[in-house]
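# fold the following.
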Amino acid sequence: MNPATNDSRGMAKISELKLASFAFRLAVIFLCSGLTGFSKTTNSFFQFINDQSERHYSEVPHEVLAFYYGWYGLSPERNPWGDADTNKHVLTRAARYPLKGPYNSHDPTVIDWQIDQAKTHGITGFVVSWWGTSDWDAWHDQSLSLLLEHAEKKNFKISIYWEQAPGDGQGQIDRAINEVSYVLNKYAKNPAFLKVDGKPVIFAYNRVVMFQVTVSSWRPIIEGIRARAGDFVLLGDGQQSSCAYLFDGIHSYGLNGLPEEFERHLVTNNLGDFRAWAAHFYANGVKLARQRNRISCLMVVPGSDARKAYKFDWQTDRLDGQMYRTLWEEAIEAKPDWVIITSWNEWPEGSEIEPSLELGDKYLQITAEYSQRFLNSALVNAPLPVPLPRFVPGTTNDLNTILLNRKVGVLAQDSVNDTEFWLAYCGATLQPLTWADLIDPKIFNASNLPVFIHIANEHYISSVKVIDDVTRSLIRYLHEGGFLVSLPPASPWPLTYDDSRKMIPFCITDKLALGVDNGFEQPPAGVELKFYVNKSALSGLPPTAPFPTSGDLRFRPANRSRVPSADYYLPLVQLWDSQMHPQGDAAVYIQHKTAPLSPGKSIYVWMRTPETLGPDEFYPSLYQFISTKLKPLPVNVE
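Residues are numbered from 1 along each chain as shown. Prediction:
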């Protein structure tokens with residue numbers, strides 16, 4: 001036998017074994033990737049937001065709209081009027097008595113009268129409360145159908161206020177697609193349906209729809225509706241950058257963030273402060289919309305009085321029309337595309353401008369005065385939109401991949417928010433959690449969810465099945481090596497009021513060693529305060545930024561003294577006065593080295609830190625930092 005031939009056959013055999021070994025390892029990698037959730041994916045949310053950014057709106061024709069409720073006349077147990085004494089003109093669920101009496105929303109004469117009154121006083125359309133297609137919700141659908149029928153004859157416009165999207169996961173997505181597609185397919189061809197550039201317009205309500213739908217679910221919902229019913233315009237309720245990125249326009253139903261001293265105790269002698277707040281609130285809303293070439297819609301409200309309907313002190317005095325006039329003047333000054341009135345006829349909450357026996361048509365007269373001034377003002381030619389961020393600030397790292405294939409648990413007690421938006425934009429897979437989920441170790445563990453973000457709220461639940469089981473689960477999670485991140489927007493001191501103990505103060509931030517300290521209620525008088533950024537940790541942010549001068553100024557910093565001395569404590573953003581006296585840390589990273597929290601990691605961020613440094617820059621920079629503290633993902637094979 002030729003030795004050379006033998007060697008060739010031996011080498012061939014070795015090559016086969018190597019190939020088989022490589023194939024086996026390749027199969028294992030793919031199998032493990034599939035089992036652990038780390039298979040190579042793309043960031044579809046990032047692409048969706050980039051596609052949305054191409055939808056520009058400029059010189060949008062002015063509209064003056066009003067939120068409208070067609071629920072009056074429902075069955076007695078659901079009747080919003082409550083009990084009516086028609087002799088004394090008193091309703092048990094409304095502060096005032098309608099000029100037309102407690103009417104039925106399906107009465108054609110009432111509908112004609114309402115549209116005529118609205119048009120005469122400068123209102124161009126109603127945004128009609130709409131709850132879906134279930135049996136009970138059919139009443140609202142019938143109201144919408146009747147309004148469109150009458151509005152078409154009177155050259156009046158109608159849109160819907162999408163009020164609810166119940167459920168979760170794919171079931172919620174499917175229901176939302178089905179219900180909004182139903183409205184568009186059935187009604188949007190009516191000439192009376194409000195349109196922009198030929199596309200029908202829908203408003204989404206913050207406290208329900210936008211609270212129920214997670215940030216990452218908006219992509220399949222919007223795309224699904226477009227596929228089923230054609231293109232449409234969606235205005236989200238909220239004044240944060242995430243809403244301007246996600247939707248075609250932004251609005252608000254209420255004066256979001258209105259300080260309590262105005263909301264409960266607005267009086268004539270603080271109207272100047274109220275005007276300054278309103279000017280700031282409106283300017284911010286318009287700026288957010290203009291930066292993205294979105295439709296800007298500002299709300300005005302005459303006041304409210306829901307004490308009868310809800311049995312607690314929920315009232316903002318109308319001040320004989322001065323509140324309404326102040327808001328109209330500042331809204332016009334801010335130059336939005338549309339103004340929307342809260343409300344035409346929300347009688348239980350006492351925000352109606354529809355005529356009443358007590359006030360007559362006073363608020364329609366005020367509406368007529370300002371609506372004409374607004375409708376006659378020049379349309380706004382929006383500037384070029386601010387480019388979407390594609391790289392981590394100050395780096396060449398692709399923003400859409402820094403958290404790609406990372407599974408992140410999120411416990412949110414707020415609606416669409418910048419925290420979740422930027423997580424999805426950076427590629428993270430978001431898993432919404434409830435307090436009950438936290439006590440299930442199969443769901444809530446450091447292997448399944450290496451990062452857990454609590455969107456900070458003062459209220460929390462410490463006990464689901466037994467006392468303090470949630471608290472123990474959070475400690476267990478950190479002990480497993482989990483990463484707890486406490487982020488804005490909701491409150492100055494997270495995890496403070498335990499709803500399991502009837503909301504008594506029972507703060508657990510010390511148990512979790514987040515380092516939160518008292519700080520101050522108001523900044524020291526006459527002292528200049530400035531934030532300083534740890535540039536070696538957070539890239540692309542300004543080195544300094546001034547402390548806010550308006551809004552909620554309660555500062556709850558982290559403090560090294562509130563953390564065990566053995567723990568690694570890294571300030572990310574610090575507050576100092578002009579004499580370089582430290583005031584505390586507005587953002588901090590902690591690596592726990594003390595039982596029972598070791599070897600977990602934590603980040604705490606004071607509620608207004610992203611706003612102060614710019615949310616579009618702060619969140620990507622923070623998430624880049626977080627990504628460097630996580631274990632590397634398994635290598636993907638192309």
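# which is the next helix or strand following the helix or strand encompassing R373?
With elements taken from DSSP states H and E, the one containing R373 is helix 362-375. Next along the chain after helix 362-375, taking DSSP H and E as the criterion, comes strand 407-411.
# that following strand pairs with which strands, parallel or anti?
The strands beside strand 407-411 in its sheet (DSSP bridges) come out as strand 429-432 (parallel), strand 451-455 (parallel).
# need the ones you listed in JSON lines with mean neighbour count, mean pLDDT and distance to D499, can you?
Glycine gets a C-beta too; all of them are placed from N, C-alpha and C. Output for the strands paired with strand 407-411, formatted as JSON lines (neighbours: other Cβ atoms under 10 Å; pLDDT from 0 to 100; distance: least, Cβ to Cβ, whole Å):
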{"stretch": "strand 429-432", "mean neighbour count": "18", "mean pLDDT": "94", "distance to D499": "19"}
{"stretch": "strand 451-455", "mean neighbour count": "24", "mean pLDDT": "95", "distance to D499": "15"}
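# one step back: the helix holding R373: which residues count as buried?
K362, Y363, L364, I366, T367, A368, Y370, S371, F374 (16 or more other Cβ atoms under 10 Å).
# the strands paired with strand 407-411: which one's closest to N269?
Smallest distance to N269 across the strands paired with strand 407-411 (Cβ to Cβ): 37.1 Å, for strand 451-455.
# doesn't A276 belong to a strand?
No: counting by DSSP: H, G, I helix; E, B strand; the rest coil, A276 is not part of a strand but helix.
# can you name the residues that contact it?
S550 (Cβ atoms under 8 Å, 6 or more residues apart in numbering).
# mind putting the strands paired with strand 407-411 in TSV, distance to D317 included?
Output for the strands paired with strand 407-411, formatted as TSV (distance: least, Cβ to Cβ, whole Å):
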stretch	distance to D317
strand 429-432	39
strand 451-455	33
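# circling back: now the helix holding R373: average pLDDT?
Averaging pLDDT along helix 362-375 yields 98.
# all the helices of the stretch 51-200 of the chain, residue numbers only.
For the stretch 51-200 of the chain, the helices defined by DSSP state H, counting those that start in this stretch occupy 108-120, 138-153, 169-187.
# I'd assumed S561 was in contact with A513.
No: counting by Cβ atoms under 8 Å, A513 stays clear of S561, with 11.6 Å between them.
# between the two, tell me which one has more neighbours.
Under the criterion of other Cβ atoms under 10 Å, the comparison of A513 against S561 puts A513 first, with 23 against 9.
# can you list the low-confidence ranges for this structure?
The chain contains residues with pLDDT under 70 at 1-40, 76-78, 135-136, 208, 413-415, 489-490, 503, 635-638.
# could you chop it up by domain?
What automatic domain parsing lists as the domains of the chain is 55-375, 389-628.
# now distance to F48 too, for those domains, in a markdown table please.
Converted to a markdown table, the domains of the chain look like this (distance: least, Cβ to Cβ, whole Å):
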| stretch | distance to F48 |
| --- | --- |
| domain 55-375 | 4 |
| domain 389-628 | 9 |
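# ok, which of those comes nearest F46?
domain 389-628 (3.8 Å).
# of all the domains of the chain, which one is nearest T41?
domain 389-628 (6.1 Å).
# can you give me the first-to-last residue distance of the closest one?
One end of domain 389-628 to the other measures 20 Å (Cα to Cα, to the nearest Å).
# next: stretch 213-220.
Length of stretch 213-220, first residue to last, Cα to Cα: 11 Å.
# do stretch 426-444 as well
When the termini of stretch 426-444 are compared using Cα to Cα, they are 22 Å apart.
# SS state for L266?
Going by three-state DSSP, the state assigned to L266 is coil.
# closest one to A227 among the strands paired with strand 407-411?
Short answer: strand 429-432, nearest of the strands paired with strand 407-411 by Cβ to Cβ, at 23.0 Å.
# alpha carbons of that closest one, in CSV - could you do that?
Taking Å, rounded to 0.1, in the frame of the first residue of the first chain, the C-alpha atoms of strand 429-432 are listed here in CSV:
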residue,chain,number,x,y,z
THR,A,429,-37.3,43.3,24.3
LEU,A,430,-39.7,44.7,26.9
GLN,A,431,-41.6,42.4,29.2
PRO,A,432,-44.4,44.2,31.1
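# other SSEs contacting the very next helix or strand once past that strand?
Using DSSP H and E, the helix or strand that follows strand 429-432 in sequence is helix 435-438. Helices and strands touching helix 435-438, as assessed by 3 or more Cβ pairs under 8 Å, 6 or more residues apart in numbering; DSSP states H and E, comprise helix 469-479.
# and the helix it packs on, how far from the chain's centre?
Here the centre of helix 469-479 is set off from its chain's centre by 28 Å, with Cα atoms, centre = their mean, to the nearest Å.
# next: stretch 552-571.
With Cα atoms, centre = their mean, you get 28 Å for stretch 552-571.
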